[in-house]
Each structure stands twice: as structure tokens, then as C-alpha cells.
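[1] The sequence and its predicted three-dimensional model are supplied below.
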Amino acid sequence: MLSNTGILGGLCAYIAMGQLAYAYVQVIAMAQNIFTLSFCFPLAEYFHQKFTAGSKAKFQPHWRSILISWNQIGLLSMFIGAILNIYEVPRPDIFDPIFNASVHLGAWFGILPVGYLLNFKAARLYKYLALTIVPVRFLIIPVLSFITASLFTNNALLISVITLIGMCPIGINSVVVTQLYKLNTSIAEAIFLITTIIFIFIAYPIFLFLMT
């Protein structure tokens, strides 16, 4: 289950800890984007093929379509950008307005699936299954994140950011992936809704209280 790191995590980090915390979140969120494209998309395609094959037929996955697809085109963009950065290729003047426009468009397209894909009636069918994720998301992972971060750094801000990221709710990207590969979207919707509500009204206020 992919967490809402970049958008909600970044916003909450900015509110609680300022611009540097927001920057930390975005760096970590980029790692999640790479993980999503390189691992989660192939995994979703694998389960899609397995479901399509059915229980009676002998499942023979098509590994080329699992490991490489047009849905992973973002990886190519990241790779090209990294190469240009390593070789210090100067950015053309026209880049800045295009980049600013793409950020706004990306934000809108990132929010659009929230309203378009959600099915509240279907999500209610899996509310009890969704509740089993709550102790993992809001207790086990934050504690492990705090302990792990403390082993590698004594930077209080960075430790707080990593702990906050550890308790971020399930993101809409989980719903998008299940919809894209025709998996059980309702489960992802239920977990997205319930964990987001708990985060906003319970987990994040507790986090802010402990920081003061």
C-alpha cells in the first residue's frame, strides 16, 4: 500500500516544521516514485495476468510485459534528468515557465482521481479489512521509522520528518494502480479513505502535540 507521502506528507511537514522539512519529504517521495514505477507497477501487472489466467489454467507469466511497460515511462524521464544534472547541462531559459506549469498540471492531475475513482458504497464493503491496516500504519511503521532514523542520524528535524512519513495514510496512488491494472479497487479505496480520516483527525494532531 503506497502512502500519501509527497502531497499530504509534504503539506503536513511544511505546516509542522517549515520549508526544509518539506524539501526532505520531496527527496524521500522521489524514492517512492521510483519504487512505484520499478516494483509496484510490475507487481500489479503480475497479479493482473494471474487473475486473468484463472485458477484452472497453469499460470505462465509474460515477463517482458510485466517488467517493461509504457506505464513506467516516468523512469526514463527521471533517468534522463539525472544524466543532465550529473553532466551539469545548463537549463534553457524556457524551462522555468514550462516547469512551473507542469507542477500545477501535475498537482491537478494528481488530485483528479480522488473524486473520479472513489466509490464510497464499494469501499464500505471492506471497512473491516481496512481497519486491520490501522495499527500497522499508525503505530508499527512510525515506531520503526523513528528507531531506524535515530540509528543513522541525530538530526531532530530529519528524524521527525521520517517519523511523519512513516505514519502517512495510504495514498490515492494505490487506488490508481489497482484501477490501472484492473485489480480490486474497492479494497484500496476503503483503506485510502479510512487511513486518511484517521490521519487527519487523530494521528497528525497527536504528532503535532508530541512535537510541542
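    In hand now; what should we look at?

[2] Give me the next element, helix or strand, following the helix-or-strand element of the chain with minimal mean pLDDT.
    Lowest by mean pLDDT, DSSP states H and E among the helices and strands of the chain is helix 95-117, with a mean of 63. Going down the chain from helix 95-117, the next helix or strand is helix 120-124, by DSSP states H and E.

[3] helix or strand right after that following helix?
    If you walk from helix 120-124 toward the C-terminus, the next helix or strand you reach (DSSP H and E) is helix 127-131.

[4] next structured bit after that following helix?
    Stepping forward along the backbone from helix 127-131, the first helix or strand reached (DSSP H and E) is helix 134-135.

[5] The residue nearest to residue 33 when sequence neighbours are not counted: neighbouring residues, count only.
    For residue 33, ignoring the flanking residues on the chain, the nearest one in space by Cβ to Cβ, 6 or more residues apart in numbering is residue 74 at 6.9 Å. C-beta here means a position set from N, CA and C on the backbone, and glycine is covered the same way. Residues within reach of residue 74, counting by other Cβ atoms under 10 Å, total 14.

[6] likewise the one 10 residues further on?
    By other Cβ under 10 Å, 12 other residues sit near residue 84.

[7] and it, what does it touch?
    Residues touching residue 84, when contacts are defined by Cβ atoms under 8 Å, 6 or more residues apart in numbering, are absent altogether.

[8] Tell me which helix or strand residue 190 sits in.
    For residue 190, the host element (DSSP H and E) is helix 185-198.

[9] Kindly provide the whole-number mean pLDDT of that helix.
    If you average the pLDDT over helix 185-198, you get 89.
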